[in-house]
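1. Requesting a structural model of the entry that follows:
(chains A, B, C and D)
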There are 4 protein chains.
Amino acid sequence: MIKDVFNKQKTETAEIGFGNKNYNESVRFLNQNGTVNVRRKVSDKHIGFDLYHWLLGISWPQFFGLVFISYVIVNTMFAVIYYVIGADKFGGLDVGTGSEKFYQLFFFSAQTLTTVGYGHIYPNSVLPSTISSIESMLGLMGFALVTGILYGRFSKPRADLQYSNEAIIAPYKEITGLMFRVANKKQNELIETECQVILAINNLDTQRRDFHFLDLERSKINLLPLTWTVVHPIEDKSPLFGLSEVDLKARDGEFIILIKSITDTYFQTVYSRMSYKSSELVWNAKFVPMKQMSDKDGSISINLNDIHSYTKV
Amino acid sequence: MIKDVFNKQKTETAEIGFGNKNYNESVRFLNQNGTVNVRRKVSDKHIGFDLYHWLLGISWPQFFGLVFISYVIVNTMFAVIYYVIGADKFGGLDVGTGSEKFYQLFFFSAQTLTTVGYGHIYPNSVLPSTISSIESMLGLMGFALVTGILYGRFSKPRADLQYSNEAIIAPYKEITGLMFRVANKKQNELIETECQVILAINNLDTQRRDFHFLDLERSKINLLPLTWTVVHPIEDKSPLFGLSEVDLKARDGEFIILIKSITDTYFQTVYSRMSYKSSELVWNAKFVPMKQMSDKDGSISINLNDIHSYTKV
Amino acid sequence: MIKDVFNKQKTETAEIGFGNKNYNESVRFLNQNGTVNVRRKVSDKHIGFDLYHWLLGISWPQFFGLVFISYVIVNTMFAVIYYVIGADKFGGLDVGTGSEKFYQLFFFSAQTLTTVGYGHIYPNSVLPSTISSIESMLGLMGFALVTGILYGRFSKPRADLQYSNEAIIAPYKEITGLMFRVANKKQNELIETECQVILAINNLDTQRRDFHFLDLERSKINLLPLTWTVVHPIEDKSPLFGLSEVDLKARDGEFIILIKSITDTYFQTVYSRMSYKSSELVWNAKFVPMKQMSDKDGSISINLNDIHSYTKV
Amino acid sequence: MIKDVFNKQKTETAEIGFGNKNYNESVRFLNQNGTVNVRRKVSDKHIGFDLYHWLLGISWPQFFGLVFISYVIVNTMFAVIYYVIGADKFGGLDVGTGSEKFYQLFFFSAQTLTTVGYGHIYPNSVLPSTISSIESMLGLMGFALVTGILYGRFSKPRADLQYSNEAIIAPYKEITGLMFRVANKKQNELIETECQVILAINNLDTQRRDFHFLDLERSKINLLPLTWTVVHPIEDKSPLFGLSEVDLKARDGEFIILIKSITDTYFQTVYSRMSYKSSELVWNAKFVPMKQMSDKDGSISINLNDIHSYTKV
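-> Residues are numbered from 1 along each chain as shown, chains lettered A, B, ... in the order given. Here you go, the predicted structure:
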């Protein structure tokens, strides 16, 4: 009995940082893609914009679009400066209309910024030489930043995990359990994967939102070559014990999943987050076991499409 | 009772590396920005100047100023060398006065260093060719260093934490507690944040400076989406137990905060340090709870300006 | 006795992520080079192809071959575009046949992509200038990716461990033990090396595949300057206790070795995996001790060729 | 008593990887600079040459010398190829003697390799264009490697620790202790520094070399702003208990120091190793306390020259 009390207390004190406010409407702390559903502001302004973080997070088309637009803008700016200085201060410029001169200066700028420097156009007095020597220096530094971010995006360690669409309440040994499945979506291996599951639930007595760490049958796995069925046994010390489907929805339950692992590429620690709202929980179901086929060459294969399959019991 | 004795002993032996000298004047071990207030010298000279560390730490204007000045100096040096070799050793150089030749050689140097190499000026004998081939090699390596540091500065992992301006001594459950608040100033998330609080205080008996780890209500938090109120309960085993505001100032108390966390961008471990002197401690106050608003889209927002607010009790 | 039961239970519950399916044919979970013998697919298609991981893993000739072929293809594509635009839109192009013009445009492309930009050929109207300014930008970004991967391959932390070709069952103190030897193949040092050994074996009763962590005489070593003989003592609590060579083969035994260490170059954590199938196990043998010679200059040397040597007993 | 036996056993089993061979001559496992005094060979050949590790470890003059020599060699090789192809295949080449043509092709190669590409010399047929387009590609990749290593050397995390020249056996509380001092030589801070001390000593009974972990008064320190005096109290459970200076030398004692810390620049874990042979141990001495001066601006300063000072007692 003492043991149960101890465990109860331990789960009562879970603190993951979302505070204990009981919102009137239903809230979601974590989105399904793992992003945190909180905005920190200073006087209604979003704060702490982290350019590096943002540049790593945007999509590839957005990133390349941004690079291209910046390239055009910077070259236009320098072309304007060169045009104001005077096209006659440049050697090799074909005679032509003002707009013809401008476009030639625009491309001279591009050739300077990228340091390609063909040289058929070149600055032939002090002022344009000064500007273009600054431009080539800025070009080197700017492209270093862009390509650093490009490589940072490309090599960013990440845990690409496939979670089952639903968590289920299923028979488990002689009791029932809360279960979901997770697998590695990439070819590289994940090592020493650890999982924590936290239940966020309104407390009807205190009118606060409680957070409970859920005990897991197994919270760490050495390798993740196949799928991992994470199981919380609903024993009498579990905060889920005795709760019905209706209770859990009424109390706005959310299951927050925190996974920590190590990638096999550069041996970096990576984290993955996920959340199941009570509406994404299927009661009285059972996951269909993943088919593990042994191939002709002695290796084993699975089909990740099967990860979501369950049957009602 | 045995437990208390044990804890007392544990806190007595805290050692964070600042030695036990009791200074006559008031000293501050950590500045509010977390830098350590100690200088290591060899015979009155500052030692261990770490160029890389310094270049990562200076401000952006200082950094770019330094790059620009270095660029001008290096080009001037090479221009002098080329001028001494003789302007007639270069093809494409416009005839002109000595100073005109010098500036053309200066820009030839810039075009070589950045590898833009327009080619309207070019070396046409052995010596200038040799120097310029060395210059372009040095340029590649020099700009690689500069851009590496530039990217290092840009991508440096850091914990940008907002601490409350003051720590307070506030009612806590049925006793009192030392409290301060901390929040993440950036949009990216901080994971597995851990906190240690150490009290540095003069010991009137031994005439030495003692260091006590203060027990925290909670020393680790899984996520830090909102604010975290770090609490040290002033129980009878606390070294603060029975001390008045006057006592603490007389004994030159300093609260040293060490925070360890993991950033969500590259999953790197980051550290933050902070210190409250006894003069930055408000007695008999209470933090105003942070307003957590649930927005229309279901997300939650807070205003970080509120973190410093307290009311006297 | 209680201790033995506890240990038995502990080893029964080992879970390394390969599931408990009992395959009819003999399977190998880990290849001898440490790669995992599992394929994750989506509807028969290999999923999660991780380009970065793949580019870090291919051989050096494959990598350089790929770079060279890509370089030729990209230049050909741009040459075709320039040719379609019209060779007359370029200055400095020698008159000649169509194919002569094409090859000159091909090399103009190469000079643009690498930003070498000699300039004897140059774009002299808007369209070719636009294309070549895009090409030089793409060149900078493309080569940044290639050289980033090149450097990533070069600097990749790895544990280059030499395992003995066979594991042996040898006399150990007064009982017997399972042993294998491991040494560092590189000159840099490995720090805080830890080892886990897991036995995968079919359970005849349950018709499932069981995984047992094997207790090691020593599971961590501070430095690995010489060789390390990893020993599992076959005591009565060992899952190997009482098994004969025939039993182990019949039950398709596989010993999975997981090693974790820290390299001395950049102090990065690295992992190494290895597996011995029951057919790679030699019974009743003894490793020949490694010769440790003290050299004239006071240093010690060993010959890694000796690591595999054993004698039958 | 039971406690002492336990501790004795624990220290008996220390294993740091140097084996237990008892060499006839005196050996040193670790050099004072922390490098390991062991060579791993395959049939008399040094193995596992790790180019990256080596390039990070050589001195700056060696590194730049190597880069410069490689640059000259590569350009010479390409100049030879271009010369064999024929100087008439290049535009802009001044007429001249064979050696004049060669040096012009040498500098053309340098301009291609660094992508500076002035263009006053340029390839004007297929073969030299092909070679030079390969050269510029190789140049980009080669310089990327060189500059990557250059930046790797520059930004390499390291623990630059100043150890006292000698370890001493000094009075400690009511017994004696083995002590040495260590301080951070750089301006950046070291966090969470941990220390292990291992005694390697010949065992006269077993004729083997034993390794004992020595219990430390304190094995971890939060910050290292000043100096840290690491103390092993020579209690009766200590393997040093009862040993005289003569005994320790006769048994070829070596104290191996392993220090682990975290740098404040990029928060990377770094390691430092050091060793004191019994001849570098001073008996019956006492370290002179470091002077901690509080400066006018409230900061504290120490002089690292004082770290070695001791007085005989």
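
2. pLDDT on stretch A:273-284, on average?
-> When pLDDT is averaged over stretch A:273-284, the result is 91.

3. Contacts for it next, please.
-> Stretch A:273-284 is contacted from outside by A:26, A:28-32, A:34-36, A:161, A:163, A:165-170, A:178, A:180, A:245, A:248-249, A:252-259, A:310, A:312-313, using CB atoms under 8 Å, 6 or more residues apart in numbering or on different chains. C-beta: built from backbone N, CA, C; applies to glycine.

4. Okay, buried residues for that stretch please.
-> Buried residues in stretch A:273-284, counted by 16 or more other CB atoms under 10 Å in any protein chain shown: A:Arg273, A:Met274, A:Ser275, A:Tyr276, A:Lys277, A:Ser278, A:Leu281, A:Val282.

5. same thing with stretch A:116-129?
-> A:Val116, A:Gly117, A:Tyr118, A:Gly119, A:His120, A:Ile121, A:Tyr122, A:Pro123, A:Asn124, A:Ser125, A:Pro128, A:Ser129.

6. residue contacts, A:Phe102?
-> A:Ala79, A:Tyr83.

7. Direction-wise, compare the helix or strand where A:Gln111 lies with helix B:98-113 and give the angle.
-> Assigned by DSSP states H and E, A:Gln111 belongs to helix A:98-113. Orientation check (axes from the mean of the first three to the mean of the last three CA atoms, to 10 degrees): helix A:98-113 against helix B:98-113 gives 60 degrees.

8. and the contacts of stretch A:273-284, which are buried?
-> Buried among the contacts of stretch A:273-284 (16+ other CB under 10 Å): A:28-30, A:34, A:36, A:161, A:163, A:166-170, A:178, A:180, A:248, A:252-259, A:310.

9. What about those, which are in strands?
-> A:161, A:163, A:167-170, A:178, A:180, A:254-259, A:310 (DSSP state E).

10. Out of these, give me the two with the largest separation.
-> A:Leu258 and A:Tyr310 (23.2 Å; CB to CB).

11. how about the helices of the stretch 101-250 of chain A, start to end?
-> A:126-155, A:245-250 (DSSP state H, counting those that start in this stretch).

12. Ok, which of those comes nearest chain D?
-> Evaluated over the helices of the stretch 101-250 of chain A, closeness to chain D peaks at helix A:126-155, with 10.4 Å, by CB to the nearest CB.

13. May I see the buried residues of that closest one?
-> Under 16+ other CB under 10 Å, the buried positions of helix A:126-155 are A:128-152, A:154-155.

14. Next, the angle helix B:98-113 makes with that helix.
-> Using the same axes, to 10 degrees: helix A:126-155 against helix B:98-113 is 10 degrees.

15. Wondering if helix A:126-155 reaches chain B at all.
-> Yes: under the criterion of CB under 8 Å from any CB of the partner chain, chain B is reached by helix A:126-155 at A:126, A:129-130, A:132-133, A:136-137, A:139-141, A:144-145, A:148, A:152.

16. number of nearby residues for the residue lying closest to A:Asp50 once chain neighbours are set aside?
-> Residue nearest to A:Asp50 in three dimensions, not counting chain neighbours: B:Lys186, with 4.7 Å by CB to CB, 6 or more residues apart in numbering or on different chains. Other residues within reach of B:Lys186, judged by other CB atoms under 10 Å in any protein chain shown, total 21.

17. about what we covered before: farthest-separated two in the residues of helix A:126-155 next to chain B?
-> A:Val126 and A:Gly152 (38.8 Å).

18. Let me know the pLDDT of A:Tyr52.
-> 82.

19. Roughly how far does it sit from B:Asn203?
-> Look at A:Tyr52 and B:Asn203: by CB to CB, to the nearest Å, they are 46 Å apart.

20. Same check on A:Asp247?
-> Between A:Asp247 and B:Asn203 the distance is 56 Å, computed by CB to CB.

21. same check, this time on A:His120
-> Distance, A:His120 to B:Asn203, using CB to CB: 79 Å.

22. Kindly report the same for A:Thr227.
-> Applying CB to CB, the value for A:Thr227 to B:Asn203 is 59 Å.

23. Specify which residue of these two has the higher count of neighbours.
-> The neighbour comparison of A:Thr227 against B:Asn203 (other CB under 10 Å) goes to A:Thr227, with 23 against 13.

24. Name whatever forms a beta bridge with the residue lying closest to the more buried one once chain neighbours are set aside.
-> Of all residues beyond its chain neighbours, the one nearest A:Thr227 is A:Ala183 (4.2 Å), with distances taken as CB to CB, 6+ apart. Beta-bridge partners recorded for A:Ala183 (DSSP bridges): A:Gln162, A:Thr227.

25. Could you verify my assumption that A:Ala183 touches C:Arg40?
-> Yes: counting by CB atoms under 8 Å, A:Ala183 does reach C:Arg40; the two are 6.7 Å apart.

26. Can you tell me how far whatever residue of chain A ends up closest to chain D is from chain C?
-> Relative to chain D, the nearest point of chain A is A:Gly119 (5.4 Å; CB to the nearest CB). Remark: distance between A:Gly119 and chain C (CB to the nearest CB, to the nearest Å) = 4 Å.
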